[in-house]
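**Student:** With the sequence up front, the predicted model follows.
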Amino acid sequence: MTVVGLDDTDSRERGMCTTYAAARIAERLSQVAADDASEDVTDTVRRILLVRLNPAVEYKTRGNAALAIHTDCDLDRAFEVARAELESLAETADDRTNPGLVVADHPAEPAAIPEDVGQFARRAIRDHLEIDDAAALVDRHDYRSWHAGDGRGRIGALAAIGSWRELEEWTSELIAYRERGTWGTTRDVDVESVFAAADRGYPEAWDTVDRGEGETVCVPHTPGPILYGIRGDDPETVRRVATEIESEPVASRRLFVTNQGTDVHLRDGTIADVRDGRAYRLAGHVASDPETRRGGHVFFPLETEPPVSDDDTDGDGAGGVESDGTGTVGTDDAPTLECAAFEPTKRFRDHVRALRAGDRITACGEVSDGTLKLEKFAVRELVRTERVTPTCSDCGRTMESAGRNQGYRCRECNTDAPGKTEIPLERDLEEGWYEVPPCARRHIAKPLVRGGFDAQTHAER
């Protein structure tokens with residue numbers, strides 16, 4: 001089996017799409033096979049992998065996708081065809097577009113791909129790699145390669161090749177492409193038909209629309225060739241949903257095997273060890289009540305160690321994680337990390353605002369500039385009571401502190417209390433997982449509707 005890996009053909013300003021380049025190469029490979037055969041042959045392309053790499057990489061255009069085409073075509077012929085298409089399609093007039101092509105010859109079994117190439121793919125999804133890392137590995141395995149500019153695209157091209165060995169979970173996406181003359185113009189897609197098709201395909205096909213925001217998530221707004229893309233677990237379902245959408249003429253359709261919607265970018269970690277440019281799954285306590293700042297962004301600090309209240313005035317050591325009424329818990333020396341739900345996450349921010357100091361959660365997202373950008377979180381344990389200054393049983397007034405470790409006293413009635421009292425808290429959250437809505441979800445992030453989570457889920461539609 002010949003594997004054709006490619007990446008970095010598109011431009012933020014000029015458009016194009018690497019999935020389109022891969023689809024064009026696959027089409028040409030099939031044509032070449034048919035032209036060379038003396039009799040009818042089946043499609044020489046077995047599958048196309050659409051591999052989302054680390055979403056925090058600064059060089060990405062939008063979704064940071066790399067592609068790998070699995071074909072029965074001869075390696076040299078496949079290289080010639082792919083190179084010719086990339087030279088024609090890649091937007092190299094943009095200095096930030098640096099396409100790369102890597103072509104390998106391996107048996108069809110995933111295990112036949114070298115282990116170090118598979119590990120390279122995992123690192124490309126979770127870390128930052130250099131061009132020299134890819135070039136050295138290409139040389140080591142005697143792969144054919146081509147590039148333009150600095151050839152940064154070789155990183156993604158090689159990672160796409162290795163992903164077939166390294167990754168275990170795959171989903172599907174059916175992408176419909178526009179006719180060339182329509183690129184850059186407003187897309188003509190019937191919104192009602194999209195919502196109707198999405199309802200019929202859900203939950204096997206997900207993130208087609210955002211019902212809360214009334215958006216057709218599957219229809220992009222960029223000037224590239226994609227008309228719409230339908231994602232899901234079942235390839236037949238995404239095909240059916242796509243055919244039910246009423247739109248402008250479709251030039252072509254292509255089904256991709258992809259790591260979208262899998263959370264493969266997340267790594268388990270600790271707050272003390274996080275690094276910028278990587279995505280994590282972190283456990284901790286909310287250290288203080290969330291704060292809404294200018295622009296509608298919501299922030300709160302996540303703390304590593306179980307916080308202990310300072311107000312254990314009765315000396316029984318039972319401070320626990322209850323809020324003391326100030327909106328702050330914890331210790332001064334416990335590692336903390338700021339977490340944020342930014343305005344584009346829309347209604348997800350209401351769930352974040354409902355958190356309280358002392359809640360135990362698992363937070364997921366990318367760390368950038370020392371802040372974790374929330375993609376989802378799980379409530380593990382909610383603060384159910386609040387410790388407040390007691391009131392006088394005689395006059396109903398709020399008592400005052402009688403001094404350190406001396407409890408509280410009513411100055412009018414001279415009644416006293418040994419410490420703060422607990423009152424129940426009404427909470428707008430339940431235990432379980434919460435996620436950003438489809439309109440704000442990253443390609444690689446796993447929707448809760450896909451299942452496999454370790455607690456109850458509150459899926460967004």
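**Tutor:** Nice, thanks for sending it over.

**Student:** how many other residues sit next to Asp428?
**Tutor:** Counted with other Cβ atoms under 10 Å, the neighbours of Asp428 add up to 9. Every residue, glycine included, has its C-beta placed from N, CA and C.

**Student:** Quick one: residues contacting it.
**Tutor:** Counting by Cβ atoms under 8 Å, 6 or more residues apart in numbering, Asp428 makes contact with Ala354.

**Student:** would you say Glu87 is within a helix?
**Tutor:** Yes - when classified by DSSP: H, G, I helix; E, B strand; the rest coil, Glu87 is found to be part of a helix.

**Student:** ok, for it, nearest residue in space, not its chain neighbours?
**Tutor:** Excluding its sequence neighbours, the residue lying closest to Glu87 (Cβ to Cβ, 6 or more residues apart in numbering) is Ala148, at 7.7 Å.

**Student:** what about that neighbour, how many neighbours?
**Tutor:** Applying other Cβ under 10 Å, we find 17 other residues in the vicinity of Ala148.

**Student:** For it, give me the pLDDT.
**Tutor:** If you check Ala148, the pLDDT there is 91.

**Student:** Could you do Asp35 as well?
**Tutor:** pLDDT, Asp35: 69.

**Student:** What of Arg294?
**Tutor:** For Arg294, the model assigns a pLDDT of 96.

**Student:** and what of Gln31?
**Tutor:** So Gln31 comes in at 86 (pLDDT).

**Student:** Please give the element, helix or strand, for it.
**Tutor:** Assigning secondary structure by DSSP states H and E places Gln31 in helix 18-36.

**Student:** packing partners for whichever helix or strand comes after that helix?
**Tutor:** Next helix or strand after helix 18-36 toward the C-terminus (DSSP H and E): strand 45-52. Under the contact definition 3 or more Cβ pairs under 8 Å, 6 or more residues apart in numbering; DSSP states H and E, strand 45-52 sits against helix 18-36, strand 65-71, helix 115-126, helix 153-166, strand 250-258.

**Student:** from the ones you listed, which stretch is densest packed?
**Tutor:** Ranked by mean neighbour count, these are led by helix 153-166 with a mean of 29 (mean count of other Cβ atoms under 10 Å).

**Student:** after that helix, next one along is what?
**Tutor:** Next along the chain after helix 153-166, taking DSSP H and E as the criterion, comes strand 171-178.

**Student:** What average pLDDT does that following strand get?
**Tutor:** On average, strand 171-178 scores 98.

**Student:** Likewise for stretch 262-271?
**Tutor:** Mean per-residue pLDDT for stretch 262-271: 97.

**Student:** and the end-to-end length of that stretch?
**Tutor:** Terminal residues of stretch 262-271 lie 23 Å apart, using Cα to Cα, to the nearest Å.

**Student:** count of neighbours near Asp369?
**Tutor:** Asp369: 8 neighbours (other Cβ under 10 Å).

**Student:** An error on my part: the question was meant for Phe195.
**Tutor:** Per other Cβ under 10 Å, the neighbour tally for Phe195 reads 16.

**Student:** Roughly how far does the residue nearest to Glu87 sit from Leu6?
**Tutor:** 12 Å (Cβ to Cβ, to the nearest Å).

**Student:** And for Thr243?
**Tutor:** Applying Cβ to Cβ, the value for Thr243 to Leu6 is 28 Å.

**Student:** Tell me which of the two has more neighbours.
**Tutor:** A side-by-side neighbour count of Thr243 and Leu6, using other Cβ under 10 Å, places Leu6 first with 31 against 13.

**Student:** part of a strand, is that one?
**Tutor:** Yes - under three-state DSSP, Leu6 sits within a strand.

**Student:** next SSE after the longest strand belonging to the chain?
**Tutor:** Identified as the longest strand of the chain according to DSSP state E is strand 371-381. Sequence order places strand 385-388 as the next helix or strand after strand 371-381, per DSSP H and E.

**Student:** now that next one: how far from the chain's centre is it?
**Tutor:** From the chain centre to the centre of strand 385-388 is a distance of 37 Å (Cα atoms, centre = their mean, to the nearest Å).

**Student:** State the distance from Arg427 to Thr292.
**Tutor:** 18 Å.

**Student:** Between Ala148 and Leu6, which contacts overlap?
**Tutor:** Taking Cβ under 8 Å, 6+ apart as the contact rule, Ala148 and Leu6 both touch 86, 99.

**Student:** any weak-confidence spans in the protein?
**Tutor:** The chain contains residues with pLDDT under 70 at 11-16, 33-43, 59-62, 92, 305-333.

**Student:** So what's the residue count around the residue nearest to Asp394 when sequence neighbours are not counted?
**Tutor:** With sequence-adjacent residues excluded and distances taken as Cβ to Cβ, 6+ apart, Asp394 is closest to Cys413, at 4.4 Å. Look at Cys413: counted by other Cβ under 10 Å, it has 14 neighbours.

**Student:** show me the contacts for Cys413.
**Tutor:** Contact partners of Cys413, counting by Cβ under 8 Å, 6+ apart, are 392, 394-395.

**Student:** about what we covered before: same list (the helices and strands packed on strand 45-52) but as CSV, adding distance to Arg211.
**Tutor:** Listed next are the helices and strands packed on strand 45-52 as CSV, based on distance: least, Cβ to Cβ, whole Å:
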stretch, distance to Arg211
helix 18-36, 26
strand 65-71, 26
helix 115-126, 30
helix 153-166, 32
strand 250-258, 23
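
**Student:** Can you say which of the ones you listed is nearest to Val191?
**Tutor:** Among the helices and strands packed on strand 45-52, the nearest to Val191 by Cβ to Cβ is strand 250-258 (16.8 Å).

**Student:** quick one: the closest residue to Ser252 other than its chain neighbours from Gly224, how far?
**Tutor:** If the residues on either side of it in the chain are set aside, Ser252 comes closest to Tyr177, at 5.0 Å by Cβ to Cβ, 6+ apart. Note on Tyr177: its distance to Gly224, by Cβ to Cβ, is 9 Å.
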